[in-house]
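Asker: structure, please.
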Amino acid sequence: MQETENVERSNKAYGKSRMEIGRILQAIERPPLRVCHVIGAVVLIALLALTDPHYFWWGIPFAVAGEAIQLWAAAYITKGQSLVASGPYARVRNPMYIGRFLVITSFFVPLRNWIVLGLVVVVYSMYAVRRVGRGEKRLRETFGPEFAEYCASVRAWLPRLVPVPMGQPTAFSWQRLRHNHEHVVALGVAAYYLILYLRLLLL
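Answerer: Have a look, this model is predicted:
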């Protein structure tokens with residue numbers, strides 16, 4: 001009897017340990033939003049300090065193109081409510097990640113350090129491929145054949161010149177754009193480059 005109780009206690013302890021380890025791994029893989037914001041703020045402050053304002057113009061084309069893509073995508077995406085295949089999603093499956101890549105690249109281009117820029121490209125590519133893989137797995141489970149047909153017609157990373165019309169068309173929506181908070185991101189990017197420009201004026 002005592003041996004059975006000991007086994008049960010051991011099993012419970014083992015189960016709790018596995019749950020704790022799972023929580024830790026999840027926290028590492030998907031850190032809290034506040035932690036991401038703090039890390040992002042620290043990186044941007046460091047970039048502001050290290051970037052030569054004379055070369056901040058080099059990053060602006062990347063930032064403008066990236067934000068334009070993200071704003072365009074944010075006006076269509078409904079985040080799991082339905083399968084979106086309109087707007088930029090009729091040309092490429094992951095426009096938000098492509099736009100974000102261009103914006104992040106824009107912060108590092110003015111450093112003129114190609115080793116750092118190469119590391120940023122590699123790290124972001126690994127992150128994006130991993131996140132997209134998980135996201136598309138959920139979409140396959142949710143939308144089944146509809147999503148499979150979409151994947152067969154629209155590439156993950158290389159945009160099509162001609163959009164592929166699929167399903168119920170979705171119109172551009174300012175309400176969706178605001179709901180997805182992409183306008184806040186755009187203002188943040190604009191503020192970053194405004195600070196660099198003011199630094200240039202003060203030199």
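
Asker: which residues does the residue positioned nearest the centre of the chain contact?
Answerer: Among the residues of the chain, Tyr97 comes closest to the average C-alpha position under C-alpha atoms, centre = their mean, at 5.0 Å. Listed by C-beta atoms under 8 Å, 6 or more residues apart in numbering, the contact set of Tyr97 reads Ala128, Arg131, Val132. Heads up, the C-betas are built off the backbone N, CA and C, glycines and all.

Asker: before we move on, what about Thr51?
Answerer: Counting by C-beta under 8 Å, 6+ apart, Thr51 makes contact with Pro110, Leu111, Leu196.

Asker: repeat for Glu146
Answerer: Glu146 makes contact with Leu83, Gly167 under the criterion C-beta under 8 Å, 6+ apart.

Asker: again, only using 7 Å
Answerer: Applying C-beta atoms under 7 Å, 6 or more residues apart in numbering, one finds that Glu146 lies in contact with Leu83.

Asker: with Met166 instead?
Answerer: With contacts defined as C-beta under 7 Å, 6+ apart, the neighbours of Met166 are Ala85, Tyr150, Ser153.

Asker: that one in helix, strand or coil?
Answerer: coil (DSSP: H, G, I helix; E, B strand; the rest coil).

Asker: pLDDT score for it?
Answerer: Here the pLDDT value assigned to Met166 is 79.

Asker: and the one 3 residues further on, by the same measure?
Answerer: The score at Pro169 is 77. That number is its pLDDT.

Asker: with the one 5 residues further on instead?
Answerer: On the pLDDT scale, Trp174 is placed at 91.

Asker: number of residues surrounding it?
Answerer: Applying other C-beta atoms under 10 Å, we find 11 other residues in the vicinity of Trp174.

Asker: excluding chain neighbours, give the residue nearest to it in space.
Answerer: Spatial nearest neighbour of Trp174, chain neighbours left out: Ala75 (6.8 Å); criterion: C-beta to C-beta, 6 or more residues apart in numbering.

Asker: just Ala68 next, same as before
Answerer: The nearest residue in space to Ala68 (C-beta to C-beta, 6+ apart) is Gly99, at 7.5 Å.
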